[in-house]
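> Sequence and computational prediction follow.
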Amino acid sequence: MPADFDVQYVARLARIALTPAEEEKFGAQLSHVLGYIEKLNQLDVSGIEPTAHAVPMVNVVRPDEVRPSLTNEEALRNAPAKANGLFMVPKIVE
Amino acid sequence: MLNELSISQLAARLGRREISAKEILGVCLEKIQRVDGKLHAFLSYDATDALAQADTADKALASGTSHSQKPLLGIPIGVKDVIAVQNQPLNCGSKILGSYISPYSATVVEKLKDAGAIVFGRLNMDEFAMGSSTENSAFGFTCNPWDSTRIAGGSSGGSAAAVAACECIASLGSDTGGSIRQPAALCGCVGFKPTYGRVSRYGLVAFASSLDQIGPFARDVRDTATVLGVISGLDPRDSTSVPEPVPDYAATLEAPIKGLKLGLPKEYMIGGLDPEVSAAVQTAVKQFEKLGAEIVEVSLPHTDYAVATYYIVATAEASANLARFDGIRYGTRVNGIDPTDLYCKTRGAGFGAEVKRRIILGAYVLSSGYHDAYYLRAQKVRTLIRRDFLNAFEKVDAIVTPTTPTAAFKVGEKTDDPLQMYLSDIFTISCNLAGICGLSLPCGFTTKPKLPIGLQILGRPFGEETILRLAHAYEQSTDWRKEKPPEQF
């Protein structure tokens, strides 16, 4: 297992607040999982192309035309905070 | 009872006007009221809306609409809580979505409704489809209909349990690493994971976008084929759906299987395989031989690396997909001193333990300095796993394996050991990595206690027709489908 796995740091990258108890528990559990994942290092993958999708993908394009979509009201229906037809968010720039 | 009949039986009786869609739905709703307090397959259901759909179906039947025009006319079908149904709740088994109501329907839901189905209910699942037991649902687990001290499997545990306990006739689930086939095996019904791209994912909340597929649960292979045929096909709203023609799956079920070659992968006879599961699968293989199939040993040499590969690829994709749950546009919000603080608190409070673990793992394997060592390497091993299957399919028409190493395990048995939980998916995970299709169907029971055992049949990309045909021939030559869970469910 990687000695430098810092659960607190990675949780911060993932924007997830953890309690100290969660940090301790998840840190141990994930180190265990990462230890297991190390088995991939047993394989020689030189010269192997990575697979991002199992089905060969091509770009799918269509004309850029206005089509029916959600109304403003429908799009805001589930918003935790809204006003004047907009999502409300905390102040970002002072 | 009507709720115990198959789609084909119900369609025949509806067509003769012996029964109404309202009666079928009524019996399903009664069953739910009687057992679901304990079984907990449903998170919620909208009886008023379902009855209105039944009414529409009855009117269509009265005006002469037939099941050849609308193959699911009047059939109640439940939906996993990860698939959007317009104006119905959608929670993905999570607290983070709060009182979310879907503003639109998934393509599969529109297709079911166009085919006349009564689409109702939100079926329980592991939070964001991450889990193998439904114990990761924020709303409590689903019991196994055969033994209430055991899990129903997951992540689509509610979809499997509801069908096995005859609360609905068929259901939809989603399968990212076995989430349809594993609960189908553990609850004793048929579950189908289509080829990647076969079924539109529009309206399915994304977990791991290169692995996710929607598929049906039903009580027999014919019903499974019928529902699969309805939901398959190209969708302009999902650019990963493919323009392959959709065969009439139900029409070709009776074609003989004589001469088809079935592969037995030697790598699947692992140490942790339960002896009763192993024996049931071997007996099933002998049955296929009697039916005229030829059995061939095949090798899938990278099998042992599938779980590790999966937990890199799937968590990496999940960490990106689940970034959208940030408390801004929908769901519950926990305020903070700045936007980042809001995101951290919202996600810390809204996600359960397994989802947090997987997002963190995914963020780690993608992070600067580790991307090549973990994510890129896993994508390369994925190529090797896919090649194993394509090589095997040059020699055989389908591959037969156990669906799971053991029958349903006890509630709480694996919750503290994520790795043990992950390893319970060892036989189902490769199928998603390779992008092929697969199904699980009942092939026997353990003795003490009596629990269902599942047989997995894997097919070539877009080889749905062949594995359905094989499954149907096996099913019709055995009596497993006639077994029903004990009276309490």
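That came in fine, so what should we check first? What you see is a predicted model; the values in this text were computed from it and never measured.
> Tell me who's in contact with residue 43.
Using chain A. B:302, B:305, B:381, B:384 (C-beta atoms under 8 Å, 6 or more residues apart in numbering or on different chains). In short, each C-beta sits where N, CA and C put it, glycine included.
> hmm, I had chain B in mind actually
B:81, B:89, B:91, B:93, B:122, B:123, B:124, B:137, B:139, B:158.
> check those against chain A, which are close?
Contacts with chain A are made by none of the contacts of residue B:43, judged by C-beta under 8 Å from any C-beta of the partner chain.
> now those residues in CSV, with neighbour count?
As requested, those are exported to CSV (neighbours: other C-beta atoms under 10 Å in any protein chain shown):
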residue, neighbour count
B:81, 31
B:89, 16
B:91, 25
B:93, 31
B:122, 25
B:123, 32
B:124, 31
B:137, 26
B:139, 19
B:158, 37
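> Tell me which entries of these lie within strands.
B:122, B:123 (DSSP state E).
> how far away is the residue nearest to residue B:137 when sequence neighbours are not counted from residue B:194?
Distance criterion C-beta to C-beta, 6 or more residues apart in numbering or on different chains; nearest residue to residue B:137, sequence neighbours excluded, is residue B:93 at 4.1 Å. From residue B:93 across to residue B:194, the span is 22 Å (C-beta to C-beta, to the nearest Å).
> for the contacts of residue B:43, which one is nearest chain A?
Chain A has its nearest neighbour among the contacts of residue B:43 in residue B:89, at 10.5 Å by C-beta to the nearest C-beta.
> ok, the residue nearest to residue B:137 touching residue B:125?
Yes: the pair residue B:93 / residue B:125 is scored as a contact, 4.4 Å apart, by C-beta atoms under 8 Å.
> In this structure residue B:215 contacts residue B:195, no?
No: using C-beta under 8 Å, residue B:215 is not in contact with residue B:195; the gap is 10.1 Å.
> out of these two, which sits in the busier spot?
Set residue B:215 next to residue B:195 and count neighbours by other C-beta atoms under 10 Å in any protein chain shown: residue B:215 wins out with 30 against 24.
> Next, give phi and psi for residue A:90.
Note on residue A:90: backbone dihedrals following degrees, to the nearest 10 are phi -70, psi 160.
> residues touching it, list them.
Residues near residue A:90 by C-beta under 8 Å, 6+ apart: B:335, B:336, B:337, B:338, B:339, B:342.
> ditto for residue B:378
Residue B:378 neighbours (C-beta under 8 Å, 6+ apart): A:40, B:308, B:309, B:312, B:313, B:316, B:365.
> swap the cut-off to 10 Å and go again
A:37, A:40, A:45, A:50-51, B:305, B:308-316, B:365, B:433 (C-beta atoms under 10 Å, 6 or more residues apart in numbering or on different chains).
> Look through chain A and state the residue closest to chain B.
residue A:54 (2.3 Å).
> And for that residue, nearest residue in space, chain neighbours not counted?
Nearest residue to residue A:54, sequence neighbours excluded (C-beta to C-beta, 6+ apart): residue B:435, at 2.3 Å.
> Name the residues contacting each of residue B:93 and residue B:125.
What both residue B:93 and residue B:125 touch, as defined by C-beta under 10 Å, 6+ apart, is the set B:43, B:80-82, B:131, B:134, B:136-137, B:139, B:154-155, B:157-158.
> mean confidence score for stretch B:477-488?
In this model, stretch B:477-488 has a mean pLDDT of 92.
> Next, the buried residues of it.
Going by neighbour count (16 or more other C-beta atoms under 10 Å in any protein chain shown), the buried part of stretch B:477-488 is B:478, B:480, B:481, B:485.
> low-scoring pLDDT stretches of the chain, where are they?
The chain I'm using is chain A. Of all residues in chain A, those with pLDDT under 70 make up the ranges A:1-3.
> Go again with 90.
A:1-5, A:53-62, A:68, A:90-94 (pLDDT under 90).
> which residue sits closest to the residue sitting nearest the centre point of chain A in space, ignoring its chain neighbours?
With distances taken as C-alpha atoms, centre = their mean, the residue of chain A nearest its centroid is residue A:14 (7.2 Å). Distance criterion C-beta to C-beta, 6+ apart; nearest residue to residue A:14, sequence neighbours excluded, is residue B:363 at 4.1 Å.
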